[in-house]
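>>> how would this look folded up:
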Amino acid sequence: MRRKPASDGNEGRRAVAAHLSRVGLARPTVSGVATAGATVLVLGFATLLLVVPSVFYLTPMPEEADGVTLCLPGLGPVLRVREGLPPDQEELAFIHEGVHAEQCRTFGALWYARQASSPRGRLVLEAPALCAEVAVLAGRGGDEARLIDSAVAALVTDYLEDDPVPGWEVIAAMQRTCGAALAAGDGPEG
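As a prediction, the model looks like this:
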């Protein structure tokens, strides 16, 4: 008579391994679990990259906005301009949002999100976008000083209303940024 070997407590594991082997499945390995985990993360990230832009395009535009730019990690800028704008207003909205898209591509989504979350950061984002509008309008013969004043007023009332930045700081940022944009040849000679 053959004696039954003493139990080592692994009979259940051996039975599962034998069953998996019989049905053609291998026992999960650490690398297999890691691969499965990485696959789940990639699929989750890919789904997020598809869902967020879809929701962005399906939700109504804010009443006060002619355009909006979303800066997504791994995807870059996604911009949207309100439909039905008059052609000149639509052009300015595309110019404005184009500046934001370039900021997103140049500095990345994390930088963009940090800027958007603070008043001085919004000033850093919006001053170049508004100055691009000023440059186009000044290039068409608009009064540069009056256009900059209008851009300053728009910044204070439309972009920084909830979190005020001192007026002198807004004016200095706009003059510095718009002066550079106009001096680069985007505006009238002068």
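
>>> From here on, just use CA atoms for contacts and neighbour counts.
Noted.

>>> Kindly list the single helix or strand of this structure that scores lowest on mean pLDDT.
helix 30-58 (a mean of 68; mean pLDDT, DSSP states H and E).

>>> where exactly do the strands run in the protein?
Assigned by DSSP state E, the chain shows strands spanning 67-72, 76-81.

>>> Tell me which other helices or strands the first one touches.
Spelled out, that is strand 67-72. Contacts defined by 3 or more C-alpha pairs under 8 Å, 6 or more residues apart in numbering; DSSP states H and E place strand 67-72 against strand 76-81, helix 87-107, helix 109-116.

>>> now do 10 Å
helix 30-58, strand 76-81, helix 87-107, helix 109-116 (3 or more C-alpha pairs under 10 Å, 6 or more residues apart in numbering; DSSP states H and E).

>>> Give me the distance from the last one to the chain's centre.
Read that as helix 109-116. 7 Å (C-alpha atoms, centre = their mean, to the nearest Å).

>>> Bridging across strands, which residues link to the residue nearest to the spatial centre of the chain?
Closest to where the C-alpha atoms of the chain average out (C-alpha atoms, centre = their mean) is residue 71, at 1.2 Å. Beta-bridge partners recorded for residue 71 (DSSP bridges): residue 77.

>>> Excluding covalently adjacent residues, which one is nearest to residue 159?
Nearest residue to residue 159 in three dimensions, chain neighbours excluded: residue 122, at 7.2 Å (C-alpha to C-alpha, 6 or more residues apart in numbering).

>>> Please look at that neighbour and residue 161 and confirm they touch.
No - at 11.2 Å, residue 122 does not count as touching residue 161 under the criterion of C-alpha atoms under 10 Å.

>>> what do the two both touch?
Common neighbours of residue 122 and residue 161 are listed as residue 155 (criterion: C-alpha atoms under 10 Å, 6 or more residues apart in numbering).

>>> Between those two, point out the one with more neighbours.
residue 122 (19 against 12; other C-alpha atoms under 10 Å).

>>> got a list of what the more buried one touches?
So residue 122 contacts 112-116, 155, 159-160, 163 (C-alpha under 10 Å, 6+ apart).

>>> want to throw these into JSON lines with neighbour count, distance to residue 133 and pLDDT?
Compiled in JSON lines, these are given as follows (neighbours: other C-alpha atoms under 10 Å; distance: C-alpha to C-alpha, whole Å; pLDDT from 0 to 100):
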{"residue": "112", "neighbour count": "23", "distance to residue 133": "20", "pLDDT": "94"}
{"residue": "113", "neighbour count": "16", "distance to residue 133": "23", "pLDDT": "92"}
{"residue": "114", "neighbour count": "11", "distance to residue 133": "24", "pLDDT": "93"}
{"residue": "115", "neighbour count": "17", "distance to residue 133": "20", "pLDDT": "93"}
{"residue": "116", "neighbour count": "16", "distance to residue 133": "20", "pLDDT": "90"}
{"residue": "155", "neighbour count": "23", "distance to residue 133": "13", "pLDDT": "87"}
{"residue": "159", "neighbour count": "15", "distance to residue 133": "15", "pLDDT": "80"}
{"residue": "160", "neighbour count": "20", "distance to residue 133": "18", "pLDDT": "80"}
{"residue": "163", "neighbour count": "12", "distance to residue 133": "23", "pLDDT": "73"}
